[in-house]
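> Need coordinates for the below:
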Amino acid sequence: MSGLDKGRIGCACAAKGGVIGIEAAPHTTLSANHLLRSIESFMEHFEYCVNLVGIDHVAIGPDTLFGDHVGLHLRSRMDEV
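Purely as a prediction, here's the structure:
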């Protein structure tokens, strides 16, 4: 989403009754405060979204049923190099 205002997009989604899903796939919840994936890094993203749009518009999606996310992310990053 580079170049887009993510906060505005989230608020527009919530205004229409939508839900923002926070997934737990590797590298999706890293931040300056949490450089490694952890429950703390996940919760930082969750809390940010709840504070932005309200609890009624935020969902948790661990997304662990569809294969090897770690391998998928590592392979895609290797392709970028």
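
> Where is the longest helix in the chain?
helix 39-53 (DSSP state H).

> now for the helix or strand just after that helix, which elements pack on it?
Toward the C-terminal end, the helix or strand that comes next after helix 39-53 (DSSP states H and E) is strand 58-61. The contact analysis (3 or more C-beta pairs under 8 Å, 6 or more residues apart in numbering; DSSP states H and E) places strand 58-61 against strand 20-23, helix 39-53. In short, each C-beta sits where N, CA and C put it, glycine included.

> Any regions of the protein where pLDDT drops low?
Applying pLDDT under 70 to the chain flags residues 1-4, 6, 26-27, 62-81.

> and with 80 instead?
Low-confidence segments of the chain (pLDDT under 80): 1-7, 23-30, 36-37, 61-81.

> Buried residues in the longest helix of the chain, which are they?
For helix 39-53, burial by neighbour count (16 or more other C-beta atoms under 10 Å) applies to 41-42, 44-46, 48-50, 52-53.

> With just CA atoms, put that helix into PDB.
Extracted C-alpha coordinates of helix 39-53, given in PDB (Å, rounded to 0.1, in the frame of the first residue of the first chain):
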ATOM      1  CA  ILE A  39       2.300 -12.100  20.000                       C
ATOM      2  CA  GLU A  40       3.400  -8.600  21.000                       C
ATOM      3  CA  SER A  41       4.000  -7.500  17.400                       C
ATOM      4  CA  PHE A  42       0.700  -9.000  16.400                       C
ATOM      5  CA  MET A  43      -1.100  -7.200  19.200                       C
ATOM      6  CA  GLU A  44       0.500  -3.900  18.400                       C
ATOM      7  CA  HIS A  45      -1.000  -4.000  14.900                       C
ATOM      8  CA  PHE A  46      -4.400  -5.200  16.400                       C
ATOM      9  CA  GLU A  47      -4.500  -2.400  19.000                       C
ATOM     10  CA  TYR A  48      -3.500   0.200  16.300                       C
ATOM     11  CA  CYS A  49      -6.500  -0.800  14.200                       C
ATOM     12  CA  VAL A  50      -8.900  -0.900  17.100                       C
ATOM     13  CA  ASN A  51      -7.800   2.600  18.200                       C
ATOM     14  CA  LEU A  52      -8.300   3.700  14.600                       C
ATOM     15  CA  VAL A  53     -11.700   2.300  13.700                       C
END
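
> Good, we can wrap up now.
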